[in-house]
Each structure stands twice: as structure tokens, then as C-alpha cells.
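> Need a 3D model of the following:
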Amino acid sequence: MSVASPNSLAPNLAQADIGIVCALPIELGAFMDRCEKVKKYTGGEFVFRGGFYDGIRIAVVEAGMGYSRARRATQAILDGHSPKWLLSCGFSGALRDDVPIGSIVVGNSIVDQHGQCLQIDLQMPADPARKLFVGRLLTTDEMVRSVEQKRQLGEQHGALAVDLESLAVAQVAREGKTRFLAVRVISDDLTADLPPEVMSIVGATGSVRFGAAIGSIWKRPAAVKDLWRLREQAQTAAAQLASFLDGVVLQLHASTLSEQKPPQ
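Numbers count the residues shown, from 1 in each chain. Predicted structure coming up:
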């Protein structure tokens, strides 16, 4: 795979209707499978994917994990593709018992543990019966692994879910005057702690370190079952996210087109 700048791509992929920032390839994999003419390329330190969903130009950047990487990746996709909408999408951990795996959480505000808070102008009704929640997201500096800590954070910040990147993406979008939406899917709930091996297996760039995985299994054979369960939860979550994005992408694009129509 040759290294190329986003600006050197073919014209039909240079500018996107919708840009999406995710941390891990698996998070948007199911959605990108629904797109056509998908191309993968690298620009600087990040991996990009571009394609068309029902004629809508989509650009995705895989940021890796964490606030600083998310900020740089968001700026890269803005510079390279100038999307009309910018989305922060991916996995998140539930902070409440009534938010199960596979739930979609759309943020109407995002906070962190340092007092930063960003409000999002969002008119979307929640539908908990269909596992659609609208509310506050919490961005933390490190992955939150234990159920006890998640509950404490949820109560302290009044948040529904936690991730590592949404606030960074939202801030860069606001600085760039780009419309923004945070859509997260619950990949781990409050029924069990995340296995300790997840901290060492998933690298900062989002790549799976197979050597670490093998070493973890050697040290703790029960890790096989835990990691397999986590993989199944991730696949379920990715499929749910893809299904929700089906409608969201169409609606956001339609709103953009309606704004571009000249007054009658």
C-alpha cells in the first residue's frame, strides 16, 4: 500500500459530505461494508477510508485511542476532506445499568474529568425501548475497565456512556465551524469488568498486538474466554452502529441539501 496525502486522491474522494472519526477499524467496519467504491489510504500517521453510501461521499479516519490522537486525526480529516458534517463514532462503555450492550447513545453534551463541557444543539428524541439514548457523554484520559469505577463516573458526571475521543473531535469541529454529532454504541456494559488483558493487547493506534494477546493467554488461560466474549460484543456493537448510521447519514445529507436550495 503506497503512502499518499488525502489531497492527492482522485477528485471524487477529495471532498466528503460526511466525515467520521473512529478509534479502531472494527468500529466502522460493518458500516464501510455497506459503502461502495471504498478505498483505503494513509496520510501522515493515520489510516483513511473513503467511499460512497447511496451516492453520499463518506470519509473515515482511524485515529487510534485517546484524546490527543483524536484531535490530530480530526484536524487531518478536516484539512483533507472538508466534510459538511463531522461525526465521532465508535465503541463506548455504559455508565448506567439500564444502558445495555448494543445501545446507541447520541450525545447532547460531552464532558471530561477536568471540568471541560461542550453542549451540542441536538433535537432528537430518545427511545430506550429500542435502545436509543440521548444524553451526556464522558471522555476520560484512560480506558475505564471496572464496573465500580464506571458507576462512580456515571453518578459524578451525570453521563450515560464513556469513551476516549468524543470531546476532542467535538472541540476541533467547533473550532473549524463544522457541524458535529457524537454517535456511540455500547460495547461493554455494567455486568462485568473488562478483562485486564485488553489494556495491553490494544495498542494506542488501535492495532491488535498479537504477541501481547498470546502472552496474556499463556499467563492466564481463562483470558481466552474473556477475550472471545469481548470480540463477540464488539461485533454486535459494530453491526448496531452500522444500522443506526444507515438512517443518520441519509438524514444529515438531506438536511445539507435542503439548506443549499435557493429560496422560492
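
> C-alpha only now, for contacts and for neighbours.
Fine.

> Can you spell out which helices and strands pack onto the helix or strand encompassing Glu27?
Element membership for Glu27 (DSSP states H and E) is helix 25-32. Packing contacts for helix 25-32, counted by 3 or more Cα pairs under 8 Å, 6 or more residues apart in numbering; DSSP states H and E, involve strand 85-94, helix 223-260.

> Direction-wise, compare the shortest one with helix 223-260 and give the angle.
Meaning strand 85-94. 150 degrees (axes from the mean of the first three to the mean of the last three Cα atoms, to 10 degrees).

> would you list every one of the helices in the stretch 1-150 of the chain?
Here the stretch 1-150 of the chain has its helices, by DSSP state H, counting those that start in this stretch, at 11-14, 25-32, 67-81, 147-157.

> ok, and what's touching the second one?
By Cα atoms under 8 Å, 6 or more residues apart in numbering, the residues outside helix 25-32 that reach it are 22, 38, 51, 62, 89-91, 206, 234-235, 237-239, 241-243, 245-246.

> Could you rerun that using 10 Å?
20-22, 38, 47-53, 58-64, 89-91, 184-185, 187, 206-207, 231, 234-246 (Cα atoms under 10 Å, 6 or more residues apart in numbering).

> what's the neighbour count on Pro128?
A count of nearby residues for Pro128, using other Cα atoms under 10 Å, gives 14.

> Please identify the buried residues of the host helix or strand of Val169?
Here Val169 sits within helix 166-175, counting by DSSP H and E. Residues of helix 166-175 classed as buried: 166-173 (neighbour count, 16 or more other Cα atoms under 10 Å).

> Only the buried residues of the helix or strand following it, if you could.
Note on helix 166-175: by DSSP H and E, the next helix or strand toward the C-terminus is strand 179-188. Residues of strand 179-188 classed as buried under the neighbour-count rule (16+ other Cα under 10 Å) are 179-188.

> Below-threshold pLDDT in the chain: ranges please.
Scanning the chain for pLDDT under 70 picks out 1-13, 196-228, 260-264.

> again, 50 this time
Applying pLDDT under 50 to the chain picks out residues 1-13, 201, 203, 205-215, 217-218, 263.

> returning to what we had before: and the helix holding Glu27, how far from the chain's centre?
A distance of 10 Å separates the centroid of the chain from that of helix 25-32, by Cα atoms, centre = their mean, to the nearest Å.

> Repeat that for stretch 22-36.
That offset, for stretch 22-36, works out to 10 Å (Cα atoms, centre = their mean).

> angle of the helix holding Glu27 against strand 179-188?
110 degrees.

> Now helix 25-32: buried residues?
Neighbour-count burial for helix 25-32 [16+ other Cα under 10 Å]: 25-28, 30-32.
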